[in-house]
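Visitor: What follows is a protein structure lacking sequence information:
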């Protein structure tokens, strides 16, 4: 995935990000702090859009990856739509300039109020994930005196064991997501018989963090085959789009190895081109192609800055304790994810670096960012890389910790930043509770 950021492959540290000095950001904003390169995000979106070669499409950015207004607005200006999973995300998307006609609303347990809001706004489609949900959406549309545009999320029954983490595999038989293929004809009959529903789309999403096209393509082919079969039987007359989901992976290891060490994973454009070929083969070219990238658009263009609090060296281990914890970045604790960590500023060659176990201040053994090669004399500031997705959106205030500020970069300067949440407010809320 192209980026303007130069990762330290064999030595040195990371001095700037998006053309802005990181040490100055840490000094002015404090740590921990999230830093986002908005220009890098929009470039990635532009490159992905080019992969469609002019074919009608919607890049529905998965807002759950990073819901910061600066990020969503930047992608909206680049022509992206949105994939949302709550009313709050829907309001963020529209508030940041994304047109309702470019928004799909996913999720297995939408509340009535969320369905009502989606119908009132006239979004592209409410993605229904069970046969039972059809009657619920129909009832809300009838009560509103409106016709709701809907799509079906198909569970393609793709086994991803060993391909991605079990917590982010969504297209297998035991997953709560999607309508099983054998139930699809019944679902189509129910929707097409309703005066209050318009079946405009068919979708699938098999999981996340794919570094190979094959599992993504397996799910897309199940969807394409199902749609082709239903169309051949005379169904799906109002179908307007095919949504093949997101899940394009990020190479979280690239900062720690030589670029020549291995082949880079496929880019999001590679996934798109592979699916386009399958759609053409099944005569589905008339349908708008919707995709739902999140991580791949924003993760490489975000970093979490942290200050080194102190080392701890024993006969058993070398720990480097930083002021960022699992409450700030949950992915390592939740998914056993390994984000590269590098010192901020210039440092000696990695040949003289030593392994440190980087840990945070949270009172849990899972507050552990893994082992990293870092200078034997610890740097004052470190950067946790590829943290633009599922960082701040998952952050929490466990142990009474403050939420970090977010700093937005564009054109080689800071264009906006949020304030750190106040500790005393949390204390007051907790003291008053009950």
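Guide: Cool, got the structure. Keep in mind that what you see is a predicted model, and the values were worked out from it rather than measured.

Visitor: pLDDT below threshold where in the stretch 51-200 of the chain?
Guide: Applying pLDDT under 70 to the stretch 51-200 of the chain flags residues 157-177.

Visitor: so when I look at residue 45, I'm seeing a helix, right?
Guide: Yes. Assessed with DSSP: H, G, I helix; E, B strand; the rest coil, residue 45 lies in a helix.

Visitor: need the contact list for the closest residue to it other than its chain neighbours.
Guide: Nearest residue to residue 45, sequence neighbours excluded (C-beta to C-beta, 6 or more residues apart in numbering): residue 78, at 4.4 Å. C-beta coordinates here come from the backbone N, C-alpha and C atoms, glycine included. Contact partners of residue 78, counting by C-beta atoms under 8 Å, 6 or more residues apart in numbering, are 42, 45, 46, 49.

Visitor: Looking at these, state which has the most neighbours.
Guide: residue 45 (24 neighbours; other C-beta atoms under 10 Å).

Visitor: so how many other residues sit close to the nearest residue to residue 222 once chain neighbours are set aside?
Guide: Nearest residue to residue 222 in three dimensions, chain neighbours excluded: residue 156, at 3.6 Å (C-beta to C-beta, 6+ apart). When neighbours are defined as other C-beta under 10 Å, residue 156 has 25 of them.

Visitor: repeat for residue 44
Guide: 25.

Visitor: and the closest residue to it other than its chain neighbours, what is it in contact with?
Guide: Nearest non-adjacent residue to residue 44, counting by C-beta to C-beta, 6+ apart: residue 297, 5.4 Å away. Neighbour list for residue 297: 41, 44, 45, 48, 61, 65, 75, 80, 268 [criterion: C-beta under 8 Å, 6+ apart].

Visitor: Need those residues in TSV (columns: secondary structure).
Guide: Shown next, in TSV, are the contacts of residue 297 (three-state DSSP):
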residue	secondary structure
41	helix
44	helix
45	helix
48	helix
61	strand
65	helix
75	helix
80	coil
268	helix
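
Visitor: The residue nearest to residue 45 and residue 102, how far apart?
Guide: Residue 78 sits at a distance of 12 Å from residue 102 (criterion: C-beta to C-beta, to the nearest Å).

Visitor: Let me see the contact set for residue 423.
Guide: Counting by C-beta under 8 Å, 6+ apart, residue 423 has contacts 400, 402.

Visitor: And for the one 4 residues further on?
Guide: Contact criterion C-beta under 8 Å, 6+ apart gives residue 400 as the residues in contact with residue 427.

Visitor: Are we agreed that it is in a helix?
Guide: Yes. Counting by three-state DSSP, residue 427 is found in a helix.

Visitor: measure it to residue 393 for me?
Guide: 24 Å.

Visitor: Quick check: residue 185 touching residue 229?
Guide: No. Contact criterion C-beta atoms under 8 Å: residue 185 and residue 229 do not qualify, at 9.2 Å.

Visitor: Now do stretch 359-371: distance from first to last residue.
Guide: Separation of the first and last residues of stretch 359-371 by C-alpha to C-alpha, to the nearest Å is 9 Å.

Visitor: Contacts made by it with the rest, please.
Guide: Applying C-beta under 8 Å, 6+ apart, the external contacts of stretch 359-371 come out as 309, 319-329, 332-333, 338-339, 341, 355-358, 384, 398-399, 401.

Visitor: Next: stretch 191-202.
Guide: Outside stretch 191-202, the residues touching it (C-beta under 8 Å, 6+ apart) are 104, 124-125, 127, 134, 137-138, 141-142, 146-152, 154, 188, 223, 226-227, 235-243, 290.

Visitor: Which parts of the stretch 301-434 of the chain are strands?
Guide: Taking DSSP state E, counting those that start in this stretch to define them, one finds strands in the stretch 301-434 of the chain at 302-313, 318-322, 341-343, 354-359, 368-374, 381-384, 406-410, 413-417.

Visitor: returning to that earlier point: before we move on, what SS does the residue nearest to residue 44 have?
Guide: Relying on three-state DSSP, one would call residue 297 helix.

Visitor: How confident was the prediction at it?
Guide: Residue 297 is assigned 96 on the pLDDT scale.

Visitor: thinking residue 122 is in contact with residue 99, fair?
Guide: No. The criterion here is C-beta under 8 Å, and residue 122 misses it with residue 99 at 9.7 Å.

Visitor: Show me the shaky parts of the stretch 251-400 of the chain.
Guide: In the stretch 251-400 of the chain, residues with pLDDT under 70: 254-263, 348.

Visitor: Can you show me the helices along the stretch 151-300 of the chain?
Guide: For the stretch 151-300 of the chain, the helices defined by DSSP state H, counting those that start in this stretch cover 184-193, 213-232, 268-281, 295-298.

Visitor: I'd like those helices laid out as JSON lines, including distance to residue 375.
Guide: Shown next, in JSON lines, are the helices of the stretch 151-300 of the chain (distance: least, C-beta to C-beta, whole Å):
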{"stretch": "helix 184-193", "distance to residue 375": "57"}
{"stretch": "helix 213-232", "distance to residue 375": "38"}
{"stretch": "helix 268-281", "distance to residue 375": "35"}
{"stretch": "helix 295-298", "distance to residue 375": "29"}
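
Visitor: Let me know which of those is tucked in deepest.
Guide: helix 295-298 (a mean of 28; mean count of other C-beta atoms under 10 Å).

Visitor: how distant is it from the center of its chain?
Guide: 6 Å (C-alpha atoms, centre = their mean, to the nearest Å).

Visitor: Kindly report the same for stretch 97-110.
Guide: On the basis of C-alpha atoms, centre = their mean, stretch 97-110 sits 15 Å off its chain's mean C-alpha point.

Visitor: List the buried residues of that stretch.
Guide: Of all the residues in stretch 97-110, those buried under the rule 16 or more other C-beta atoms under 10 Å are 98, 100, 102, 103, 104, 105, 106, 107, 108, 110.

Visitor: how long is it end to end?
Guide: Start-to-end, stretch 97-110 (C-alpha to C-alpha) is 23 Å.
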